[in-house]
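Trainee: How does the following fold in three dimensions:
(one chain, ligands or ions: 2)
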Amino acid sequence: MIVTIDGVAASGKSSVSGGVARALGVPYVSSGLLYRAAALLALEAGVDLRDAPAVLGLLEGRGVRLEPLAEGNRVWLGQRELTADLHSTRVDKGVSAVAALPDVRAWVDAQLRLLPEPFVAEGRDMGTNVFPQAQAKFYLTASPRVRAERRAKERPEDIPAIEAALTRRDEADRRQITPAADALVIDTGPLDLQGVIDVILSTLPDCRS
Ligand SMILES: Nc1ncnc2c1ncn2[C@@H]1O[C@H](COP(=O)(O)OP(=O)(O)OP(=O)(O)O)[C@@H](O)[C@H]1O
Ligand SMILES: Nc1ccn([C@H]2C[C@H](O)[C@@H](COP(=O)(O)O)O2)c(=O)n1
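Mentor: Ligands and ions are numbered 1, 2, ... in the order given. Alright, predicted model coming up:
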């Protein structure tokens, strides 16, 4: 069983996926972390974020691995854990550039398709491109202001700066942020986190393990 939860930046994909996955008793898969790892490695190596062969070389040559767990995803570079470094402002700024590289997308997709079912997969194109065969698909939205207000509780920047950065990232990611035709689109603006999780779980009675 695969459930996909796609959506725009900071719409609640990982928090919601974690809640849904815990309720179902399965892991969740945070695909954006692999793009973030690609951006981090390129930034650390001083590689141009648009240089596909160089970025791909960093990913393939150095053993980047996603560990999907019900309680949270971890990313490893050999024995080094990258997870804590993946949500910095500089990675936020650079990640769309590496995510636009077709070779990097193909590498990420291949890693994801190797994962054993069942799981909840979250990202931008889980329901459209990576797992079109998923049993249930969801797409989360919220206005840039609502998303910025939520993010401001966990970042040092002020709300207008976060809102501007989110709007820029929506624009940069626009090719990947089309909901699957068979996805249920949920505006999370009026809902709290548990409210979104409950909407999803209420449509999944047959998928509970
Ligand atoms: N419905 C909600 N109500 C209130 N806060 C929420 C809701 N959904 C998510 N949040 C909060 O919004 C913030 C962003 O959520 P989260 O990190 O899950 O989003 P995301 O879509 O995975 O982000 P990114 O695209 O940057 O990876 C978190 O602080 C989370 O707790
Ligand atoms: N399936 C995916 C997942 C992520 N991306 C890109 C777009 C985002 O800017 C970046 C980071 O993702 P996030 O942590 O915000 O979910 O990765 C993508 O193109 N496709």
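Trainee: how's this protein carved up into domains?
Mentor: 1-27+118-209, 28-114 (automatic domain parsing).
Trainee: is it possible to export these to TSV including mean neighbour count?
Mentor: Backbone N, C-alpha and C define where each C-beta goes, glycine included. Output for the domains of the chain, formatted as TSV (neighbours: other CB atoms under 10 Å):
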stretch	mean neighbour count
domain 1-27+118-209	19
domain 28-114	17
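Trainee: With mean pLDDT added, can I get these in JSON lines?
Mentor: Shown next, in JSON lines, are these (pLDDT from 0 to 100):
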{"stretch": "domain 1-27+118-209", "mean pLDDT": "92"}
{"stretch": "domain 28-114", "mean pLDDT": "94"}
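Trainee: what's the first-to-last distance across stretch 23-30?
Mentor: Terminal residues of stretch 23-30 are spaced 17 Å apart (CA to CA, to the nearest Å).
Trainee: Now find how far off-centre it is within its chain.
Mentor: 14 Å (CA atoms, centre = their mean, to the nearest Å).
Trainee: same question, stretch 186-196
Mentor: Using CA atoms, centre = their mean, the offset of stretch 186-196 from its chain centre is 18 Å.
Trainee: just to revisit the earlier point, which one of the domains of the chain lies nearest to ligand 1?
Mentor: Nearest to ligand 1 among the domains of the chain is domain 1-27+118-209; the distance by CB to the nearest ligand atom comes to 2.8 Å.
Trainee: So is that closest one next to ligand 1?
Mentor: Yes: Domain 1-27+118-209 is in contact with ligand 1 by CB under 6 Å from any ligand atom, via 7, 9-15, 150-151, 153-154, 188, 191-193, 196.
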